[in-house]
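Colleague: below are the sequence and a predicted model; questions follow.
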Amino acid sequence: MKTSSADEHDEENVKLLEKSKERGSRNGRVVKVHNQALLSGLAYCLSSCGMILVNKIVLSSYDFNAGISLMVYQNLISVIIVSVLSLLGLISTEPLTWRLIRVWFPVNAIFVGMLITSMFSLKYINVAMVTVLKNVTNVITAVGEMYLFKKQHEGRVWAALFLMIISAITGGITDLSFNATGYMWQTLNCFLTASYSLTLRRVMDTAKQYTKSGNLNEFSMVLLNNTLSLPLGIFLILVFSEVDYLLSTPLLRLPSFWLVVTFSGILGLAISFTSMWFLHQTGATTYSLVGSLNKIPLSIAGIFLFKVPTSLENSASILFGLLAGVLFARAKIRERSQS
């Protein structure tokens, strides 16, 4: 599971990482190093921002038109690295049994769709607007929690969600580089990301029954999700006829291109590792706030690095949406502390 960024810092990720922190503390594996909280936070921010920016470079600057192939390659890198670390005994992962795979496959299909639509939207929309539009995921997730899990949210949470909707609408209206195709892919990505978060909660409990240890840690989820995504991704490459493009594009003969895409795959995996490390040194509150605040420099960097045409109105909408994300994180922290 890529803690994304790449993207979205949903409540399930925080809970999962917090459980990992508790297990690590009980086993005495957390090593206290001076300024490690600052170092882990910096590593998390850099990997999170870097993943999105490097993907944008691959898809837009290089004009690479095989987003599914890029996803498959990144996931293959994750599988290789996690498998090697597991064989060396540096991390622990659960064996991938057929029973576990059958239980996990539905949520993995959503996971693949989430990654692919994120690739497609990032090709057509600038980084700042992608970041703001991703806030819509929080709205869909909150509504899903209310209907599926009968969870009631505080007024502060709904107020922040309302501000997110307003910022997304005004941002789209004032977007000088508006692309209908990109917005369509991003809308679909929001629904799939929310579906992944909501489905994950149910599937995880069932999947744990088919593991050797009775638990499913972050590393096992990374290995499970990315391994299962490979055959599905290859099937989609054939369906979308990306093979013909890959055989004809001169990009695959550029060493610099392979360096960038390989680096993007390493960054994708780094997000999972650094997020766990950061939470081990701090807590869910700091993790959530930093995740929201992290979007501000990411959006600014995206505008300047890719020379995105913008206006005062659009910039104000983006800033408004980013601040709404921070308010949402604070409201959710307050809600969790009172539950």
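Modeller: Structure received. Residues are numbered from 1 along each chain as shown.
Colleague: and the helix or strand hosting Phe219, what does it pack against?
Modeller: Assigned by DSSP states H and E, Phe219 belongs to helix 218-239. Packing partners of helix 218-239 (3 or more C-beta pairs under 8 Å, 6 or more residues apart in numbering; DSSP states H and E): helix 11-27, helix 67-87, helix 98-124, helix 255-281. Quick note: C-beta positions are derived from backbone N, CA and C, even for glycine.
Colleague: mind listing what's buried in the third one?
Modeller: Read it as helix 98-124. Within helix 98-124, the residues that count as buried by 16 or more other C-beta atoms under 10 Å are 100, 103-104, 107-124.
Colleague: if we can go back for a sec, quick one, the helix holding Phe219 and helix 255-281 angle?
Modeller: Our comparison of helix 218-239 with helix 255-281, counting by axes from the mean of the first three to the mean of the last three C-alpha atoms, to 10 degrees, yields an angle of 150 degrees.
Colleague: state the mean pLDDT of helix 218-239.
Modeller: With pLDDT averaged residue by residue, helix 218-239 scores 91.
Colleague: tell me the angle that helix makes with helix 98-124.
Modeller: With the same axes, to 10 degrees applied, the angle from helix 218-239 to helix 98-124 works out at 60 degrees.
Colleague: tell me what the next helix-or-strand element following helix 218-239 is packed against?
Modeller: Using DSSP H and E, the helix or strand that directly follows helix 218-239 along the chain is helix 242-248. Applying 3+ C-beta pairs under 8 Å, 6+ apart, one finds that helix 242-248 makes contact with helix 67-87.
Colleague: which secondary structure elements does the helix it packs on contact?
Modeller: Packing partners of helix 67-87 (3+ C-beta pairs under 8 Å, 6+ apart): helix 98-124, helix 218-239, helix 242-248, helix 255-281.
Colleague: how about the CA coordinates for that helix, as PDB?
Modeller: The C-alpha trace of helix 67-87 is given here as PDB (Å, rounded to 0.1, in the frame of the first residue of the first chain):
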ATOM      1  CA  GLY A  67       0.800   5.400 -17.100                       C
ATOM      2  CA  ILE A  68      -0.200   1.800 -16.400                       C
ATOM      3  CA  SER A  69       3.300   0.600 -17.400                       C
ATOM      4  CA  LEU A  70       4.800   3.200 -15.100                       C
ATOM      5  CA  MET A  71       2.600   1.900 -12.200                       C
ATOM      6  CA  VAL A  72       3.600  -1.700 -12.900                       C
ATOM      7  CA  TYR A  73       7.300  -0.900 -13.000                       C
ATOM      8  CA  GLN A  74       7.100   1.100  -9.700                       C
ATOM      9  CA  ASN A  75       5.200  -1.800  -8.000                       C
ATOM     10  CA  LEU A  76       7.700  -4.300  -9.300                       C
ATOM     11  CA  ILE A  77      10.500  -2.200  -7.600                       C
ATOM     12  CA  SER A  78       8.500  -2.300  -4.400                       C
ATOM     13  CA  VAL A  79       8.100  -6.100  -4.500                       C
ATOM     14  CA  ILE A  80      11.800  -6.600  -5.200                       C
ATOM     15  CA  ILE A  81      13.000  -4.300  -2.400                       C
ATOM     16  CA  VAL A  82      10.500  -5.600   0.200                       C
ATOM     17  CA  SER A  83      11.200  -9.300  -0.700                       C
ATOM     18  CA  VAL A  84      15.000  -8.700  -0.400                       C
ATOM     19  CA  LEU A  85      14.600  -7.000   3.000                       C
ATOM     20  CA  SER A  86      12.400  -9.800   4.200                       C
ATOM     21  CA  LEU A  87      14.900 -12.500   3.000                       C
END
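Colleague: nothing else from me, thank you.
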